[in-house]
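>>> structure of the sequence below:
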Amino acid sequence: MNRIDRALNLVVQAAELGEYDSNVIGMAAEVIAEVEFGMTKAARGSRDIDGTWFKDGRDHTVQVKAWSEGRVKKYRQFTYFRLKEQSLPDVLLCILVYSTKPGYEIIYNGEASAVGYVEKMVATA
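Below is the predicted model:
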């Protein structure tokens, strides 16, 4: 069994225990990024990036965002996340990870700056 299959099976097993806050879905998404896209994992605790991958002759910083099947069903089109404008990664990889069956879908793989609404942070005096 390969790393992706093992990670996806863990997600299903965790979901069978009930609805708990867990980062097992994020872990599975990062394993997918490593195996499918060749991401090199950043050091644990790195801020604003999960890793890098080499493309077009250079390393690109990568942020991996994982959505659970339950979250998408609950919030539908209003599911969102925040990225800091001043520290956007080169690449944003969004993955939908299923918990009712071992599986996933790539929702987005591209420039972080090209996605959605960018909330400007304005300093007030």
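
>>> can you report how many residues lie near residue 10?
Counted with other Cβ atoms under 10 Å, the neighbours of residue 10 add up to 17. Where C-beta positions appear, they are placed from N, C-alpha and C, glycine not excepted.

>>> can you pull up the most central residue in the protein?
The C-alpha lying nearest the average C-alpha coordinate of the chain belongs to residue 65 (Cα atoms, centre = their mean; 2.0 Å).

>>> what segments of this structure are strands?
Secondary structure of the chain, counting by DSSP state E: strands at 40-41, 51-55, 58-68, 91-97, 104-111.

>>> quick one: average pLDDT of the first one?
The pLDDT scores in strand 40-41 average 96.

>>> make a markdown table from the strands of the chain and add distance to residue 5 to it.
Converted to a markdown table, the strands of the chain look like this (distance: least, Cβ to Cβ, whole Å):
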| stretch | distance to residue 5 |
| --- | --- |
| strand 40-41 | 19 |
| strand 51-55 | 21 |
| strand 58-68 | 17 |
| strand 91-97 | 13 |
| strand 104-111 | 11 |
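
>>> which residues in the chain form helices?
For the chain, the helices identified by DSSP state H occupy 3-16, 24-37, 69-75, in order along the chain.

>>> so what touches the second one?
Applying Cβ atoms under 8 Å, 6 or more residues apart in numbering, the external contacts of helix 24-37 come out as 2-4, 7-8, 10-11, 14, 39-41, 50-51, 53, 62, 64-68, 93, 95, 97, 99, 104, 109.

>>> who does the helix or strand bottoming out on mean pLDDT in the chain touch, helix- and strand-wise?
The weakest-scoring helix or strand in the chain, judged by mean pLDDT, DSSP states H and E, is helix 69-75 (a mean of 73). Packing partners of helix 69-75 (3 or more Cβ pairs under 8 Å, 6 or more residues apart in numbering; DSSP states H and E): strand 91-97.
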